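# I'll drop the sequence and a predicted model, then ask my questions.
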Amino acid sequence: MNRINQLFNSNKKDILSIYFCAGDPTLDGTADVIRTLEKHGVSMIEVGIPFSDPMADGIVIQNAATQALRNGMSLKLLFGQLRDIRKDVNIPLVLMGYLNPIMQFGFENFCRQCTECGIDGVIIPDLPFRDYQERYRIIAERYNIKVIMLITPETSEERVREIDAHTDGFIYMVSSAATTGAQQDFNEQKRSYFKKIEDMHLNNPLMVGFGISNKATFQAACEHASGAIIGSKFVTLLEEEKDPEKAILKLKEALKK
């Protein structure tokens, strides 16, 4: 069974997933960040593939991607860094990136390399659901790679149910129709959206992302979903500390306040 399915089948709540951008702050730090996060109890990790035009991301992750590209990070190099990661890392690993570099690499080659490295799933924000269905789903399933789809407050109930029926792993519930970035709290409108999706009783588990940065936002997300994804807050701390151990410890402190 895919590790993503294993995680959610364990009936865990308050699942913490962390995003960081490969190649930032240092070119060779990817594997070290992953191992450090697992050591500190993170349940799932999203490794960002840097891209020059990350349209769904706010300034923090945009800057991280720019720095990673300047450092020399590429998809080929990333797969090389992850080649032996499964020797001592057991939690689910997801690659998050945009369609352009993946298509340049070749989608089937990309999925093959993911399997060889032990990657469990991919998130491609600019992959249209129809294109996934018609062109990419059969390839991803051949390699047991879960393609995780995003929904937003603007996604229709019909489309949410269609995504739920034709994907497997989890659904990424974007907290707002905006780019990534830390927030201090979620307003009533966002909380109502979380509850509305929860009340649809979908087959797939839900993970909330975009804006999670502290105890209030983490708890609000976990109230209506299996857990939450933290990106910008951790990327900021990693930039400040230059040390994944110090960054994750500071993040865990933030989640208590």
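Looks like it arrived, so ask away.
# next, the buried residues of stretch 115-124.
By neighbour count on 16 or more other CB atoms under 10 Å, the buried set for stretch 115-124 is 117-124. All C-beta spots, glycine's among them, are computed from the backbone N, C-alpha and C.
# same check, this time on stretch 4-13
4-5, 7-8.
# can I get those residues in a markdown table including secondary structure, distance to residue 162 and pLDDT?
Formatted as a markdown table, these follow (DSSP: H, G, I helix; E, B strand; the rest coil; distance: CB to CB, whole Å; pLDDT from 0 to 100):
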| residue | secondary structure | distance to residue 162 | pLDDT |
| --- | --- | --- | --- |
| 4 | helix | 20 | 97 |
| 5 | helix | 20 | 96 |
| 7 | helix | 24 | 96 |
| 8 | helix | 20 | 96 |
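# including distance to residue 222, could the residues you listed go into JSON lines?
Shown next, in JSON lines, are these (distance: CB to CB, whole Å):
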{"residue": "4", "distance to residue 222": "18"}
{"residue": "5", "distance to residue 222": "20"}
{"residue": "7", "distance to residue 222": "15"}
{"residue": "8", "distance to residue 222": "14"}
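# from those, which is closest to residue 66?
For the buried residues of stretch 4-13, the residue nearest residue 66 by CB to CB is residue 4; the value is 29.3 Å.
# surely that closest one and residue 92 touch.
Yes - using CB atoms under 8 Å, residue 4 is in contact with residue 92, at 4.7 Å.
# anything in contact with each of these two?
By CB atoms under 8 Å, 6 or more residues apart in numbering, residue 4 and residue 92 have these common neighbours: 44, 120-121.
# switch those residues over to JSON lines; also include pLDDT.
Output for these, formatted as JSON lines (pLDDT from 0 to 100):
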{"residue": "44", "pLDDT": "98"}
{"residue": "120", "pLDDT": "98"}
{"residue": "121", "pLDDT": "98"}
